[in-house]
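In: just coords:
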Ligand code: MN
């Protein structure tokens, strides 16, 4: 459902929001947590507009937000989005509507409520109690399965159950944080025993994250028809992965230290409401695939459960940086092609009574498409190193090297709507200690 906040004709008095390439026009209004550069204050919630941040607390104190929006804004005087996420959709909608009115052309220009985004420190937007990672791209699952089991790439449960594992919340970092190459147990297939050494097969995974809203009490599942009431919004996720650690450790209990050394998130959470003009049908299951079990099935989710969101991965090596060369794009993929919807993942997660709490992060799993240029990890792009990538300046890559910077971007574009973006999810690989 769209409303006047999505009107493509809306403009803002913040000039930078009117640039055609702006990720954060007035139709977007994503939420994040920032620390003021030169004030010794607690971090608090802001809204991105162009290249500025609206300080929600300052707007409330100036009595520019009334009623339900003021109550929602009170929850923004916090070092995380959790209190706002806990309030639920009615409050989110009221605050978005009030912020939209405040920032529109024609409203009084209040530059005193803004600060430049480049001057602020942007933090992980929520206090993430639990982080779970799914495996929702059938193309990713087929690619990776095919490398390890050429005769039987897709395991028999894949099309029945949204596969996931419990990730590590403590090592989720905001975009821009350098990522240290991990050490771990590596075992060469030809060797008799493992060694403990810096990972050699360091990789990224291009993913979309969903932040949980109110959530559910322990023991009470979330029906599929209510799943989206519990999703506050989406961000970009880089699920850094050490493939050599993973290969040795993953059986029988799944990934552990291969992934828990770092996960990067983009700092701005694009709300589900902002994404309303860009909803798409869920992935159309090919004839012969099983229908989802009834608890994962809903006509509305089938018709509108997807997101028309384009995702990209860019790389800039140390040599490219030192030579003044810009990043190059490795991948461009579509989130709409995921086998399971976010609503199905969330409902499945809570289906055994597991309680999801405000600020929990659910990631989609690597977003890979059918074509080679839409593969969301280096493992798939280079086919485990068999087909190295050639970069400008003569460098090649099978996996990430120290000094490589990985940059993920995402945007929604559709005729009749203003383009909105997710900003960046960026991280540079540091050498192992
Ligand atoms: Mn992953």
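Out: Thanks, I have the structure now. Just so you know, these numbers come straight off a predicted model, no measurement behind them.
In: So which bits of this protein are right by the ion?
Out: Taking C-beta under 5 Å from the ion as the contact definition, the chain meets the ion at 133, 205, 239. Backbone N, C-alpha and C define where each C-beta goes, glycine included.
In: Burial check on the first one, number of neighbours?
Out: Taking other C-beta atoms under 10 Å as the neighbour definition, residue 133 ends up with a count of 27.
In: Quick one: name whatever helix or strand follows the helix or strand where it lies.
Out: Assigned by DSSP states H and E, residue 133 belongs to strand 131-134. Sequence order places helix 138-148 as the next helix or strand after strand 131-134, per DSSP H and E.
In: tell me the contacts of residue 252?
Out: By C-beta atoms under 8 Å, 6 or more residues apart in numbering, no residues touch residue 252.
In: Looks like residue 141 contacts residue 158 (just checking).
Out: Yes. In this structure, residue 141 is within contact of residue 158 by C-beta atoms under 8 Å, at 5.8 Å.
In: overlap in contacts of those two?
Out: Counting by C-beta under 8 Å, 6+ apart, the residues touching both residue 141 and residue 158 are residue 339.
In: ok, these two, which is more surrounded?
Out: residue 141 (21 against 18).
In: could you measure the more buried one against residue 149, distance?
Out: For residue 141, the distance to residue 149 equals 11 Å [C-beta to C-beta, to the nearest Å].
In: out of the residues of the chain next to the ion, who's nearest residue 215?
Out: Closest approach to residue 215 among the residues of the chain next to the ion (C-beta to C-beta): residue 133, at 17.8 Å.
In: For the closest one, report the pLDDT, please.
Out: For residue 133, the model assigns a pLDDT of 98.
In: Closest residue of the stretch 151-300 of the chain to the ion?
Out: Nearest residue of the stretch 151-300 of the chain to the ion: residue 239, at 3.5 Å (C-beta to the ion).
In: Contacts for stretch 49-66 next, please.
Out: Residues from elsewhere that reach stretch 49-66 (C-beta under 8 Å, 6+ apart): 12, 14-19, 22, 24-26, 29, 32, 34, 44-48, 70, 72-74, 76-77, 95, 98-99, 102-103, 110, 112-118, 120.
In: Show the average pLDDT along that stretch.
Out: Average pLDDT, stretch 49-66: 97.
In: chain center to that stretch: distance?
Out: 25 Å (C-alpha atoms, centre = their mean, to the nearest Å).
In: mind listing the strands for the stretch 301-433 of the chain?
Out: With strands called from DSSP state E, counting those that start in this stretch, the stretch 301-433 of the chain shows them at 306-307, 310-316, 328-334, 361-363, 389-390, 396-397, 405-412, 420-430.
In: hey, which of the ones you listed is tucked in deepest?
Out: Across the strands of the stretch 301-433 of the chain, averaging neighbours per residue (mean count of other C-beta atoms under 10 Å) puts strand 361-363 on top, at a mean of 25.
In: mean confidence for it?
Out: For strand 361-363, mean pLDDT rounds to 98.
In: That one - contacts with which helices or strands?
Out: strand 131-134, strand 206-212, helix 342-350 (3 or more C-beta pairs under 8 Å, 6 or more residues apart in numbering; DSSP states H and E).
In: ok, 6 Å please
Out: strand 131-134, strand 206-212 (3 or more C-beta pairs under 6 Å, 6 or more residues apart in numbering; DSSP states H and E).
In: Export the residues of the chain next to the ion to TSV and append columns for distance to residue 285.
Out: Formatted as TSV, the residues of the chain next to the ion follow (distance: C-beta to C-beta, whole Å):
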residue	distance to residue 285
133	22
205	24
239	25
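In: Nearest to residue 173 among the residues you listed?
Out: Distance to residue 173 across the residues of the chain next to the ion (C-beta to C-beta) is lowest for residue 239, with 12.0 Å.
In: burial measure for the closest one, as a count.
Out: Counted by other C-beta under 10 Å, the residues lying close to residue 239 total 25.
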